[in-house]
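> Below are the sequence and a predicted model; questions follow.
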Amino acid sequence: MSLPWLYLLLAGLAEIAWAVGLKYTDGFSRPLPTLATVAGMAVSFWLLALAMREIPLGTAYAVWTGIGAVGTVILGMVLFGESRDLARLACIALILVGVVGLKWLGGAGQA
């Protein structure tokens, strides 16, 4: 895996962290979870910006949001008991197929 793709993966993981963190901030009324969430946002955006030096904008943004969406949905199921019905799992699979497809097809060009 090249360094820009590693940055993008880490940016997506940081996006998952801050998205889940939002749930724990209780509307930004809890200081520690709020601070951790804002830090996660900053790290996520910074790593995304580093990745976009070499990965095209559309590909980077779609992969970043795809990683964030899938990870957040999965953690919602695990941590908060959200629905695990078949249709929801199928939609997650479609997002994953799209992210993998963008990596294979659209990641080689220069930004």
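Perfect, I can see it now.
> how much space between the residue in the chain sticking out farthest from the centre and L22?
What lies farthest from the middle of the chain is S29; by Cα atoms, centre = their mean that is 24.1 Å. Separation of S29 from L22 (Cβ to Cβ, to the nearest Å): 12 Å. (C-beta placed from N, C-alpha, C; glycine too.)
> and what of T72?
Counting by Cβ to Cβ - T72 and L22 are separated by 10 Å.
> before we move on, what SS does the residue farthest from the centre of the chain have?
Three-state call for S29 (DSSP: H, G, I helix; E, B strand; the rest coil): coil.
> Report how many residues lie close to the nearest residue to F28 once chain neighbours are set aside.
Among residues not flanking F28 along the chain, T34 sits closest, at 4.9 Å (Cβ to Cβ, 6 or more residues apart in numbering). Using other Cβ atoms under 10 Å, T34 has 17 neighbouring residues.
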